[in-house]
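Asks: Fold the following for me, if possible:
(chains A and B)
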Amino acid sequence: MTLAPERRATPAPARPVRPTTGPLVDQFEFGLDAPICLTWELTYACNLACTHCLSSSGRRDPDELSTEECKALIDEFERMQIFYVNIGGGEPTVRPDFWELLDYAVAHHVGVKFSTNGFRITPERAAKLAATDYVDVQVSLDGATAEVNDSVRGRGTYDAALRAMANLRDAGMKDFKMSVVCTRHNIGQLDEFKAIADTYGAQLRLTRLRPSGRGADVWDELHPLPEQQRELYDWLVANGDQVLTGDSFFHLSAFAEDGQGALPGLNLCGAGRVVCLVDPVGDVYACPFAIHDRFKAGNVRDGAGATDFDTVWKHSELFTDLRSPQTGGACTKCSAYDSCRGGCMAAKFFTGLPLDGPDPECVKGNAASSLEARDRGGLPGTSQDHSHKGTVRNAPVPLTLMRRPPSGACDESPLVPGRSFG
Amino acid sequence: MTATPDAERGTPLRVRAEAAWRLSDSVSLRPEPFGALAYDFRTRRLSFLKTPTLVDVVRGLADHDTAGEALTAAGVTPQQESSYLSALTTLAGSGLIEERP
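Replies: Predicted coordinates:
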């Protein structure tokens, strides 16, 4: 899909009317009364400094929502029947009122799945989490070995994630999530990830590396190579609903042939239609991967009440635009357009590609020439940066394999078949 | 999100027009322009009721002695009955509705 074109000076033609029957995906394009998938980043503070952090987190923002404002927002979620929210950050557990807010949400019929690096999931916390209905935990792990993981997430983070998962398992928590951002260095480890998840009784979740936040700085080196996209797609098809993806790989659906091999999920960019993000200072963005002024719909503090998310969701100009029919531009000529719908809006935006053209990781290779031709100096960058400025205790550890010069012309990737990692 | 089609999960419970059913305690419905979202807080599964009539049927189940009466009350015609019963059977298979005495 594409973001709506720049606003016209002349009146737009009458909007098409929402269909009353037909596929749900057509309904979703027109938006819903409340989001299905709402991500709420509670704080920009984080004890880590992951190289690919999509929200450029590190330091707390002094203007973050207060405890009372957070509770008012949860009250709104309850009124809007937003059945669950995905809480992230930053590292949400570093907020002193995190556990209080978690209890408040559950008491108000708003289920919570929160993402964590696991450092603070002690045996005591794990026991409390296991005893609370409506709460799910998602532990981040971006390498099936410490070497691969710690190169992105920081020294000691592999051990911390596994310790957290062991604590959750030992406390009797079932089907919590182990979430992996797929990179060039870990695509070859998918079976190992599945084995680790199985060991802890966790569900494996794979998501796409986005060039958002600090991710823009490392995307060129970390995003999966074209042949790895195919490897990932084949693995996803083979593992079906054994693995969760948050629908993040719909650009890979273009691999499907003759309607066979479609990936489970909506295969639709849900930004501003069924998905949105509330950031720690109350700004509302079209999706978690689009933290940029260009995709900011408003702020929950804008209205008259303690918070007013409802108005931003239902009436903001940006979301209204996103819910009107989009043009696929050059992509509409492609045989795979119905499968991938042009891919991810945020991925295009942050790599400097036109929003009505192909995804930077277009599996048909249709973005390759424009990626090469783009002006890197003209990339949009971030409109906020909360990255740590000083040294961080758990700083990322460069991959030692990458320090060796390539031994041959075909050997630029550290994951050439036949080479084993640590 | 986890909007897995329920039809894939096998449906041991068949909803007959003569039996009494209700929305399960752990399930909430959220009205939407196309019908409703149904969320089961116990299983954390999200389902979609794709027509407003089906939403009326499901909401009405608890107020009628039989599923058949709930169908009629919601304006389901005899010709449509079997397709609505099969939709209810799918909902029963995923635990969104439950039989009651």
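Asks: Count the residues that sit near residue A:396.
Replies: Residue A:396 sits with 20 neighbouring residues when counted by other C-beta atoms under 10 Å in any protein chain shown. C-beta here means a position set from N, CA and C on the backbone, and glycine is covered the same way.
Asks: contacts for the host helix or strand of residue A:219?
Replies: Assessed by DSSP states H and E, residue A:219 sits inside helix A:215-222. With contact meaning C-beta atoms under 8 Å, 6 or more residues apart in numbering or on different chains, helix A:215-222 is reached by A:51-54, A:152, A:183-185, A:209-211, A:350-351, A:379, A:381-382.
Asks: Residue A:268: which of these is nearest?
Replies: For those, the residue nearest residue A:268 by C-beta to C-beta is residue A:210; the value is 16.7 Å.
Asks: okay, now residue 74: neighbour count?
Replies: Picking chain A for this. Neighbour count of residue A:74, defined by other C-beta under 10 Å: 23.
Asks: my bad, chain B
Replies: 19.
Asks: Where do the helices of the chain begin and end?
Replies: Since you didn't name a chain, this refers to chain A. A:24-29, A:67-79, A:98-107, A:123-131, A:146-153, A:157-170, A:190-199, A:215-222, A:226-239, A:309-315, A:317-322, A:337-340, A:345-350, A:368-373 (DSSP state H).
Asks: wait, chain B
Replies: In chain B, the helices defined using DSSP H lie at B:52-60, B:67-73, B:81-93.
Asks: Show me what the first one packs onto, helices and strands only.
Replies: Spelled out, that is helix B:52-60. Helix B:52-60 sits against strand B:27-32, strand B:35-40, helix B:67-73, helix B:81-93, with contacts defined as 3 or more C-beta pairs under 8 Å, 6 or more residues apart in numbering or on different chains; DSSP states H and E.
Asks: a markdown table for those, including distance to chain A and mean pLDDT?
Replies: Formatted as a markdown table, the helices and strands packed on helix B:52-60 follow (distance: least, C-beta to the nearest C-beta, whole Å; pLDDT from 0 to 100):
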| stretch | distance to chain A | mean pLDDT |
| --- | --- | --- |
| strand B:27-32 | 4 | 94 |
| strand B:35-40 | 4 | 93 |
| helix B:67-73 | 19 | 96 |
| helix B:81-93 | 14 | 94 |
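Asks: Tell me which of those sits most buried.
Replies: Greatest average neighbour count among the helices and strands packed on helix B:52-60 goes to strand B:35-40 (a mean of 22), per mean count of other C-beta atoms under 10 Å in any protein chain shown.
Asks: what inclination does that one have with respect to strand B:27-32?
Replies: For strand B:35-40 against strand B:27-32, the angle by axes from the mean of the first three to the mean of the last three C-alpha atoms, to 10 degrees is 160 degrees.
Asks: Give me the helices and strands touching strand B:35-40, please.
Replies: Against strand B:35-40 (3+ C-beta pairs under 8 Å, 6+ apart) you get strand B:27-32, strand B:45-49, helix B:52-60.
Asks: which residues sit against the first one?
Replies: For strand B:27-32, the surrounding residues in contact (C-beta under 8 Å, 6+ apart) are A:27, A:32-34, A:81, A:83, A:109, B:23, B:36-41, B:49, B:55, B:58-59, B:96-97.
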